[in-house]
Every structure is written in structure tokens, then in C-alpha cells.
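Asks: Okay, sequence plus prediction incoming.
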Amino acid sequence: MPDLDSIVLLRLGESAITLGGVAVAAVIVLAAAIVAHFARVGLDRLRTRRGRSSSTLYIVEKLVTYGIVVVGIVAGLTAMGLNLSSLAVFAGALGIGVGLGLQGVVKEFVSGLVIIFDRVLNIGDYIELENGTRGLVQEIGPRATRLRNNDNIDILIPNSKLVENQVINWTLRGETRRIHIPFSVAYGVDKVKVRDAVLEAAAQVPFTLPESESRKSQVWLVGFGESSLDFELLVWPTLDAAKRPQAMHAAYTWAIEDALRCAGIEIPFAQQDLRIRSLFGLEGDEALKALNLAPGHHEEAPAAPTPAPNDAAEDLTRSIEERDIEPPDELTQP
């Protein structure tokens with residue numbers, strides 16, 4: 001059986017790449033990949049026990065995984081018989097290859113490292129992108145960050161997008177946020193009664209945080225609508241509720257509607273007022289009486305004077321005669 005180390009596949013300067021060296025290098029790289037996999041699984045289980053949002057363990061997991069893979073590759077190259085100092089000979093060619101073919105991959109990888117070490121985006125954070133995409137950060141990978149929205153759909157976002165564009169972190173460093181719930185009531189209602197009813201309803205919602213000096217539930221009058229007074233409920237929910245904004249918004253809206261209905265406070269419908277300025281040559285109350293719509297007027301409305309029945313026809317006939325046009329028969333009949 002021939003010695004595998006005696007079979008030379010390639011020569012790089014003074015280094016000879018043999019078949020035996022390639023086989024040993026492949027075994028070393030494969031072993032490094034397996035060790036990195038088990039290290040990642042073990043650290044991930046430890047992070048799960050302590051909470052998925054443990055960003056420190058996540059950084060350790062990534063460093064250990066990448067480190068083992070890099071060490072395995074270097075050891076494999078050495079076992080293959082490559083003199084690593086000679087790599088400088090083709091470093092320029094490698095740089096050109098990275099610049100032309102791997103530019104996007106390197107960009108995403110470096111962006112992922114920036115996200116991991118910047119610590120403004122951690123596993124378990126609930127974030128929102130400029131295009132309205134929302135979700136929990138599940139994983140920061142070498143190419144993309146994986147979000148999971150509240151419909152249990154995974155969304156892959158390129159790491160560079162999170163570095164270059166605006167990102168709203170709703171739960172940075174494990175803190176919740178204040179939310180605004182709009183609602184409207186009819187004009188003329190007691191504003192104090194509205195405020196008290198809505199605040200009491202918000203306090204009964206199970207995920208409303210207890211009030212403190214810096215976090216108080218409030219009701220603001222924010223505007224005058226076409227047919228309503230516009231209010232907003234400002235409330236501080238728990239961290240878990242803040243990660244489910246649509247369900248949380250629906251729960252508070254439901255509670256507000258129940259509270260207003262139980263308190264006898266009217267929720268307005270859209271309406272428009274129609275003002276009649278003139279009718280059959282009459283204006284104001286006289287026009288209303290002509291339609292028998294005047295307030296308190298139950299008698300038969302007097303016949304409203306009307307223009308001569310043929311005024312419009314006579315005007316049109318006169319206009320036609322002035323232009324020497326034969327009028328239609330129906331305009332000349334008595």
C-alpha cells in the first residue's frame with residue numbers, strides 16, 4: 001500500500017501538499033466542527049435555563065463556536081503541510097477574491113459581530129424596523145438575524161440592515177414602554193367621569209403595571225373631532241405584554257368600551273348636519289315650514305309660493321328665439 005504522505009498533490013513554494021496531509025486536515029476540521037456544534041448546543045441549553053435573553057451567554061456561545069472553527073481550520077492547514085507564513089504570498093489574491101465574490105458575506109458577518117458586541121440588540125428583545133416589521137430577536141447569525149413575530153413566523157433580516165437603518169427596540173435592557181390607546185366620546189359628556197371610568201378599567205386589566213411616581217396611568221383630552229371629543233389612555237403594561245402590542249391594544253380597547261357603556265357614556269357615531277339656506281325662494285324658518293319641518297309646528301304647512309310654472313321654459317324659449325332656433329314642440333304647447 002503506497003504511503004499517502006509520499007503522494008504530492010500540489011507545491012506552494014517550499015511546502016508540499018500531500019494526500020496524507022489533506023486527509024489529516026479534513027479529519028481535524030471535521031472534529032473541530034463537531035466540537036463547535038456540541039459546545040453551541042450545551043451553551044444554548046444553559047442559556048435557556050437562565051432565560052433566552054441572557055446576552056452574555058449568547059456572546060460566549062458565538063465566540064466559542066467561531067473560535068473552535070477558526071482553530072480547527074488553522075490546525076488543519078498546518079497538518080496539511082502548509083507553512084502559514086507563506087500565506088502572505090497569495091494574500092493579495094485572497095483579498096481580491098473577498099472583494100469581488102465575498103463582499104456581501106463579509107459585510108454581513110462583520111455586521112453580526114457589531115450587533116453582538118454593541119449590546120443594543122439582544123436575544124429576546126422585541127424590535128420594530130422602518131418598514132413596520134416587528135418580532136422577537138431569536139438568533140443573531142453570521143449572515144442574518146432571525147426574528148419571530150407574534151404569528152409564529154420567522155423573518156430573516158440581513159445584519160447590515162440592522163446596523164445601517166433605524167431600529168426601534170421596544171424592550172431594551174428588559175424595560176417596558178408606555179402605550180397610547182385612542183378613544184372618543186360624544187360632545188357634552190362629563191370629562192371627569194370619562195377619565196375615572198377609563199382609569200378604573202385600565203387598572204383591572206391584568207397586565208397593567210402598578211402605578212409609581214414615574215409610571216402613572218393617565219387620560220388625556222387630545223383633540224376635538226367632527227362629532228366627538230378625542231381622548232388617549234396612557235398606560236404602562238408588563239414587559240411580556242409589550243412584546244404583543246396588537247393583542248395588548250385590543251384588550252385595552254375592549255376594557256374601555258365596556259367601561260364607557262357601563263357608565264352610560266355615549267360613544268358617538270359619525271354624523272353630518274345639513275343646513276337649508278333657501279327652498280322655493282324662501283329662507284330660514286320659512287323654508288323649514290314649507291317642508292313642515294319647523295320645530296313645534298304640527299299644522300299643515302301653508303302652500304309655499306312657487307315661481308311661475310313656466311318661468312324656466314320661457315327663459316329657455318326666449319334664449320332660443322334670440323338665436324333664431326326653432327323651439328321644441330313641448331316648450332310651445334300651452
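Replies: Everything's here; your move.
Asks: Please count neighbours and contacts with C-alpha atoms only from this point.
Replies: Will do.
Asks: Nearest residue to residue 269 in space, please, no chain neighbours.
Replies: Leaving aside its sequence neighbours, residue 269 sits nearest to residue 227 (C-alpha to C-alpha, 6 or more residues apart in numbering; 7.4 Å).
Asks: secondary structure class for the one you found?
Replies: coil (DSSP: H, G, I helix; E, B strand; the rest coil).
Asks: got any ranges where the stretch 151-300 of the chain has weak pLDDT?
Replies: With pLDDT under 70 as the threshold, the stretch 151-300 of the chain has low-confidence stretches at 271-284, 287-288, 290-300.
Asks: can you give me the strands in it?
Replies: Here the stretch 151-300 of the chain has its strands, by DSSP state E, counting those that start in this stretch, at 154-158, 167-169, 179-185, 218-224, 229-235, 278-279, 282-283.
Asks: about what we covered before: from residue 268, how far off is the residue nearest to residue 269?
Replies: 7 Å (C-alpha to C-alpha, to the nearest Å).
Asks: Quick check: neighbours shared by those two?
Replies: residue 186 (C-alpha atoms under 8 Å, 6 or more residues apart in numbering).
Asks: what's the neighbour count on residue 153?
Replies: Around residue 153 there are 9 other residues, counting by other C-alpha atoms under 10 Å.
Asks: show me what contacts the nearest residue to residue 256 once chain neighbours are set aside?
Replies: In space, and not counting its chain neighbours, residue 256 is closest to residue 198: 5.7 Å by C-alpha to C-alpha, 6+ apart. Contact partners of residue 198, counting by C-alpha under 8 Å, 6+ apart, are 219, 233, 256, 259-260.
Asks: Now rank those residues by neighbours and give me the top one.
Replies: That'd be residue 256 among the contacts of residue 198, by other C-alpha under 10 Å, with 23 neighbours.
Asks: contacting residues for that one?
Replies: Contact analysis of residue 256 by C-alpha under 8 Å, 6+ apart lists 198, 201-202.
Asks: Go again with 10 Å.
Replies: Contacts for residue 256 were tallied using C-alpha atoms under 10 Å, 6 or more residues apart in numbering; they are 181-183, 194, 197-202, 233, 250, 262.
Asks: Give me the distance between residue 39 and residue 61.
Replies: Distance from residue 39 to residue 61, by C-alpha to C-alpha: 8 Å.
Asks: swap in residue 237?
Replies: Per C-alpha to C-alpha, residue 237 is found 32 Å from residue 61.
Asks: So which of residue 39 and residue 61 has more stuff around it?
Replies: residue 61 (20 against 17).
Asks: so that one is in which element?
Replies: helix 55-79 (DSSP states H and E).
Asks: any idea of the mean pLDDT in that helix?
Replies: Summarised as a single mean, pLDDT over helix 55-79 is 77.
Asks: Packing partners of that helix?
Replies: helix 19-50, helix 103-118, strand 134-140 (3 or more C-alpha pairs under 10 Å, 6 or more residues apart in numbering; DSSP states H and E).
Asks: Include mean pLDDT and distance to residue 155 when you put these into TSV, please.
Replies: TSV is the format used below for the helices and strands packed on helix 55-79 (pLDDT from 0 to 100; distance: least, C-alpha to C-alpha, whole Å):
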stretch	mean pLDDT	distance to residue 155
helix 19-50	80	20
helix 103-118	82	16
strand 134-140	90	8
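Asks: which of these sits most buried?
Replies: strand 134-140 (a mean of 22; mean count of other C-alpha atoms under 10 Å).
Asks: Which elements pack onto that strand?
Replies: So strand 134-140, by 3+ C-alpha pairs under 10 Å, 6+ apart, packs with helix 55-79, helix 103-118, strand 126-129, strand 144-148, strand 154-158, strand 167-169.
Asks: Which among those is found nearest to residue 19?
Replies: With C-alpha to C-alpha as the criterion, residue 19 lies closest to helix 55-79 of those, at 11.2 Å.
Asks: Now do the closest one and helix 103-118, the angle between them.
Replies: Interaxial angle of helix 55-79 relative to helix 103-118 (axes from the mean of the first three to the mean of the last three C-alpha atoms, to 10 degrees): 140 degrees.
Asks: Just the buried positions in helix 55-79, please.
Replies: 55, 57-59, 61-62, 64-66, 68-69, 72-77, 79 (16 or more other C-alpha atoms under 10 Å).
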